[in-house]
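*Asks:* kindly generate the corresponding structure for this input.
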Amino acid sequence: MTPHVQLTGWKRGEPDHALLTREWLVTNSIGGYATGTIAGVATRRYHGLLVAALPVPFGRTVMLNHLEECIVFPSASGEKTSCLSGDEPSAGALRFPDLGLLDEFRLEHGLPVWRFASHDLHLTKRLLMSHLQNTTILSYHLDAASKPVRLQFRPSVHFRSHEWDVSTPLGHPYSFEIDGTKLTIAEEGGAHPLRLEVRGGEALFHPEPGLVPELLYRLEKSRGYGHSGTLWTPGTISVALEPGATVTVIASTEPWDVVEASSLEHAMAAEEQRRDRLLTLANVDEQAQPLLADLVLAADQFVIVPETRRAETAKLRAAGDEPCTVIAGYHWFTDWGRDTMISLEGLTIATGRIREAGSILRTFASYVRDGLIPNLFPEGKSEGVYYTADATMWFFHAVHRYVQTSGDRETLRLLLPELHDIIDHHLRGTRFGIGVDPSDGLLRQGAEGYALTWMDARVDGWVVTPRRGKAVEINALFYNALMLLEGWTRSSGDIARADVLRQHADRARTSFNERFWYEEGGYLYDIVDGEDGNDDPALRPNQIFSISLDHPILERSRWNRVTGVVRDELLTPVGLRSLARSHPDYKKNYDGDLRTRDAAYHQGTVWSWLIGPFIDAWLKVNPTDREGAREMLRGLVNHLGEAGIGSISEVFDAEEPYTPRGCIAQAWGVAELLRCERMVG
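*Replies:* The predicted structure follows:
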């Protein structure tokens, strides 16, 4: 079949700076990835052609940082060399790829394709990662040329965690071994060498081991981090390329027998078939529904097998299950409980991946401790951390949407004792001050030094939005969880226990409507009984969950006023502001160093994922306004062509032009856009 051309990220004639601000991402379904700018210039610490997902304690590790790619043309006066990728020395001018050659960058079937063209040459470069392997494959096909050319590659490395500062010293010496077309690069004392192979011609290796001149990482500089670093190279590899022929470069941490087992043709065909299956599972026709096809392929990047935590995955497999989880965002997030549960419906249920949805729920159920699911799994660690008040409540929501779609009552039966235990812990009180206030039945939370809600910015011990007390969305989620569990329990025949749960739910709902309504503003308090004893009237998007969830806690007579205020004060073309512009703490830009960014993270910054719950609430109030709901999604649809090409950014500045910020690919942003497109399309 003709591959689906997703969208064009850049073409000749567009501004050069877009080559640095637009990024591509390819993943391998175990947490590893390859990523970079269109120009090939590394601007982030996370940029690399192979960021391998290695077992604990290593975690995700940059193994192939950069590949200088040059094409050498013979001529009567000698040889002319043009670059296919660029870099930026710390001392020196930015080196772009040869703009006389670069014609277009686009995604085909979700995978990056560069096209280079001149009057006497047409060359296509493609990149993919092998599914469930730490292997990146680059191919260079000479579509047409007046005469043969030569490709020259210079690999450069600095084996380090993808989180480490680029200025981290190289450390132990590097060495290399050559075996024909195979090159192995190792670090003294390192456990995982990099294996490189060039196929498709007679490759010649030219040993020139040494340091690459220090490079500048301009985005790291703008974010206040170390921004210059040194790489090591073993030398260059050159190979002749005839018109109509293909040269392939394979970079991998897998053993040589695994690397050798698959040809380029097999790897490309296998990945194409896998992506076709994803569209078939999602019941999406890529020609008739190109936007949904784009989003289904984008969603696939986040659903992974957590191979870095091999001991834990082995336990689940021994029990007959296949572990599965969700990467919250690329490049720096791991799997987060909250993000996973919010994203689960859009990433898996809306894409027909019901099996993975069940596996994700059972995987997280195995990690429940003290009535809480993990907030996140730190990079390179096996154990999760649990400082979250809402992730566990979102777990109930995800279970409900899964069972509702799949009809999998067996998984529900297995989870039901754990769900009861979770609620019992919350009724008694559990860690981090999370527990029901016996005086009114509302759920309170808060512990010094922690931010337990999704508004969780914290830097140097400063909790920016602690929100300690009774938070509006926490209680909306708690009521929803009580009502869901009451229904499941009643269906199981335990009527007495269901009645008790209903009593707790009714009490919470009554207290919520008495306590949270802010009459002066015509909306809901964000916090009641805060740490200072007062109620917080800050106008935030959290109140929308009192309407959007399956069991709304807010009385219906107030739905219209709340959705109207949120629309007028918080809605933007790319999501909801996290704070109204009238508030003294409002910040319109999310930029600068870490402290400056975190001060703005939930103080006005727009969050893409919040468009989903807002549309849920909007359609409850305005059930016939599907066209209006579709229009609310247009800004995010248009955003697919900027920042992370083909994906949705984590956040945006709060004012026009709504510059995308944060992660270039965020799970819940993609998930909620996909879910809503299916709902209103």
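*Asks:* for residue 377, what are its contacts?
*Replies:* Going by Cβ atoms under 8 Å, 6 or more residues apart in numbering, residue 377 touches 306, 309, 334-335, 383-385. Just so you know, the C-beta spots here come from the backbone N, C-alpha and C atoms, and that holds for glycine as well.
*Asks:* just to check, residue 637 is in contact with residue 291?
*Replies:* Yes - using Cβ atoms under 8 Å, residue 637 is in contact with residue 291, at 6.4 Å.
*Asks:* any common contacting residues for these two?
*Replies:* Residues touching both residue 637 and residue 291 (Cβ under 8 Å, 6+ apart) are residue 677.
*Asks:* quick one: average pLDDT of stretch 467-482?
*Replies:* For stretch 467-482, mean pLDDT is 98.
*Asks:* and stretch 475-483, what's buried?
*Replies:* Buried residues in stretch 475-483, counted by 16 or more other Cβ atoms under 10 Å: 475-483.
*Asks:* shaky segments in the chain?
*Replies:* 1-6 (pLDDT under 70).
*Asks:* how far away is the residue positioned nearest the centre of it from residue 169?
*Replies:* Compute the mean C-alpha point of the chain, and by Cα atoms, centre = their mean the closest residue is residue 329, 2.1 Å away. Distance of residue 329 to residue 169, computed by Cβ to Cβ, to the nearest Å: 29 Å.
*Asks:* and the furthest pair within the buried residues of stretch 475-483?
*Replies:* The distance between the two most remote of the buried residues of stretch 475-483 (Cβ to Cβ) is 12.6 Å, for 475 and 483.
*Asks:* if we can go back for a sec, chain neighbours aside, what residue packs nearest to the residue nearest to the centre of the chain?
*Replies:* Using Cβ to Cβ, 6 or more residues apart in numbering and skipping residues adjacent in sequence, the residue nearest residue 329 is residue 663, 3.6 Å away.
*Asks:* hang on, the one you found packs against residue 327?
*Replies:* No - using Cβ under 8 Å, residue 663 is not in contact with residue 327; the gap is 10.0 Å.
*Asks:* same drill for the two, tell me which one is more crowded.
*Replies:* residue 327 (28 against 22; other Cβ atoms under 10 Å).
*Asks:* just grab the bridge partners of the more buried one for me.
*Replies:* residue 335 (DSSP bridges).
*Asks:* re the thing from before, anything in contact with each of residue 663 and residue 327?
*Replies:* residue 333.
*Asks:* distance check, residue 280 against residue 108.
*Replies:* Using Cβ to Cβ, we find residue 280 at a distance of 18 Å from residue 108.
*Asks:* now do residue 657
*Replies:* To residue 108, residue 657 is 29 Å away according to Cβ to Cβ.
*Asks:* when these two are compared, which one has more neighbours?
*Replies:* Between residue 657 and residue 108, residue 108 has the larger neighbour count (other Cβ under 10 Å), namely 15 against 8.
*Asks:* could you give the backbone dihedrals for that one?
*Replies:* phi -120, psi 120 (degrees, to the nearest 10).
*Asks:* and it, bridged to which residues?
*Replies:* Residues in a beta bridge with residue 108, per DSSP bridges, are residue 5, residue 111.
*Asks:* helices of the stretch 351-500 of the chain, residue ranges please.
*Replies:* Ranges of helices within the stretch 351-500 of the chain are 354-365, 391-406, 409-428, 472-491, 495-515, based on DSSP state H, counting those that start in this stretch.
*Asks:* among those, which is nearest residue 610?
*Replies:* Each of those has some distance to residue 610 by Cβ to Cβ; the shortest is helix 472-491, at 10.7 Å.
*Asks:* how far off centre is that closest one?
*Replies:* When C-alpha coordinates are averaged (Cα atoms, centre = their mean, to the nearest Å), helix 472-491 and its chain have centres 28 Å apart.
*Asks:* what is that helix packed up against?
*Replies:* Contacts defined by 3 or more Cβ pairs under 8 Å, 6 or more residues apart in numbering; DSSP states H and E place helix 472-491 against helix 391-406, helix 409-428, strand 443-444, helix 495-515, helix 545-548.
*Asks:* helix or strand right after the last one?
*Replies:* Spelled out, that is helix 545-548. Under the assignment DSSP states H and E, the closest C-terminal helix or strand after helix 545-548 is helix 559-570.
*Asks:* check which helices and strands that following helix sits against.
*Replies:* Packed on helix 559-570, when contacts are counted by 3+ Cβ pairs under 8 Å, 6+ apart, are strand 523-524, helix 545-548, strand 575-577, helix 611-621.
*Asks:* closest one to residue 31 among the ones you listed?
*Replies:* Residue 31 sits nearest to helix 611-621 of all the helices and strands packed on helix 559-570, at 24.8 Å, using Cβ to Cβ.
*Asks:* tell me which residues in that closest one are buried?
*Replies:* Within helix 611-621, judged by 16+ other Cβ under 10 Å, the buried ones are 611-619, 621.
*Asks:* tell me the contacts of residue 464?
*Replies:* 451, 455, 457-458, 598-599, 601-603.
*Asks:* right, I'll call it a day here.
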